[in-house]
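J.: I'll drop the sequence and a predicted model, then ask my questions.
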Amino acid sequence: MSLLSVRDVAVARGGLRAIEGVSFILNAGSALVLRGPNGIGKTTLLRTLTGLQPLVAGTVEAAPDAIAYAGHSDGLKPALTVTENLRFWADIFGSREIAPALGAMNLRELAARPAHALSAGQKRRLGLARLMVTGRPVWLLDEPTVSLDHDSVALLVSMLRDHLGRGGAAVIATHIELGLPEAGILELGTFRAANLRCESRPAGFNEAFG
Ligand SMILES: Nc1ncnc2c1ncn2[C@@H]1O[C@H](COP(=O)(O)OP(=O)(O)OP(=O)(O)O)[C@@H](O)[C@H]1O
């Protein structure tokens with residue numbers, strides 16, 4: 001089942017076209033890693049897919065309220081504790097429980113600590129745990145490993161795998177090797193990008209279709 005369909009998309013930032021010709025289909029259980037040099041337009045593409053800025057060209061199809069975005073900012077409420085932050089977002093998204101999210105990113109021991117008193121990596125873990133309480137199937141992640149130590153990157157990958165295993169999907173912009181070999185890879189170059197179809201398959205599944 002296709003969760004996100006991106007066809008011949010072009011995006012722009014600051015009035016300048018960043019990239020164009022981006023096409024991929026993301027099916028349930030699949031992940032796509034966006035790669036490319038600084039400034040090529042990975043953030044711009046994710047922001048556009050999320051709906052934070054308009055498309056320059058092309059089409060993006062996803063079910064209503066299917067997308068959860070984790071950008072560079074963790075989007076935390078500094079005065080609220082870890083638990084209260086997750087409860088806040090759970091209430092917004094209509095989720096019932098936050099315990100799995102606390103566990104997934106190893107936040108139980110920090111549950112009562114205000115977000116302003118967390119380290120950078122701990123804040124990032126909380127920001128990522130928020131994805132789980134959205135209940136949304138398509139996660140768009142912009143440099144999710146920033147500030148994370150080795151063990152926390154492993155937690156993120158484990159959380160991603162669980163999400164994919166439950167029929168979710170993810171697009172991840174990252175400069176590091178995540179250790180998620182089942183993910184497709186989209187290399188972004190100036191004004192062009194490879195076309196991909198990402199399906200739920202056990203191993204690497206890059207497949208050109210355009
Ligand atoms: N607020 C802004 N106003 C104008 N131009 C911007 C703005 N933010 C980014 N840009 C420009 O848009 C282009 C794409 O930036 P973008 O942040 O999407 O790149 P990126 O691939 O995510 O980079 P990085 O790997 O450094 O995170 C760059 O040339 C950048 O200078």
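T.: Arrived safely, thanks for sending.

J.: which residue does the chain have closest to the ligand?
T.: Residue of the chain nearest the ligand, by C-beta to the nearest ligand atom: G14 (2.5 Å). (Glycine included, C-beta is placed from N, CA and C.)

J.: quick check: pLDDT value at that residue.
T.: Listed pLDDT for G14 reads 87.

J.: quick one: terminal-to-terminal distance for stretch 27-36?
T.: The first and final residues of stretch 27-36 sit 23 Å from each other (C-alpha to C-alpha, to the nearest Å).

J.: now A154, what's its secondary structure?
T.: helix (DSSP: H, G, I helix; E, B strand; the rest coil).

J.: residues in the chain within reach of the ligand, list them.
T.: For the chain, the residues in contact with the ligand (C-beta under 6 Å from any ligand atom) are R13, G14, A18, G36, N38, G39, I40, G41, K42, T43, T44.

J.: which residues in the protein form strands?
T.: All strands of the chain, identified by DSSP state E, fall at 2-13, 16-27, 31-35, 57-62, 67-70, 138-142, 169-173, 184-189, 192-193, 195-198.

J.: any idea which of those strands is most buried?
T.: Sort the strands of the chain by mean neighbour count, taking mean count of other C-beta atoms under 10 Å, and strand 169-173 sits at the top with a mean of 26.

J.: what is the orientation angle of that one with strand 2-13?
T.: On the basis of axes from the mean of the first three to the mean of the last three C-alpha atoms, to 10 degrees, strand 169-173 is oriented at 30 degrees to strand 2-13.

J.: which outside residues touch stretch 60-74?
T.: 2-7, 9, 43, 46-52, 123-124, 126-128, 130-131, 134, 136-144, 146 (C-beta atoms under 8 Å, 6 or more residues apart in numbering).

J.: need phi/psi at the residue of the chain closest to the ligand.
T.: Backbone torsions for G14, taken as degrees, to the nearest 10, come to phi 60, psi 30.
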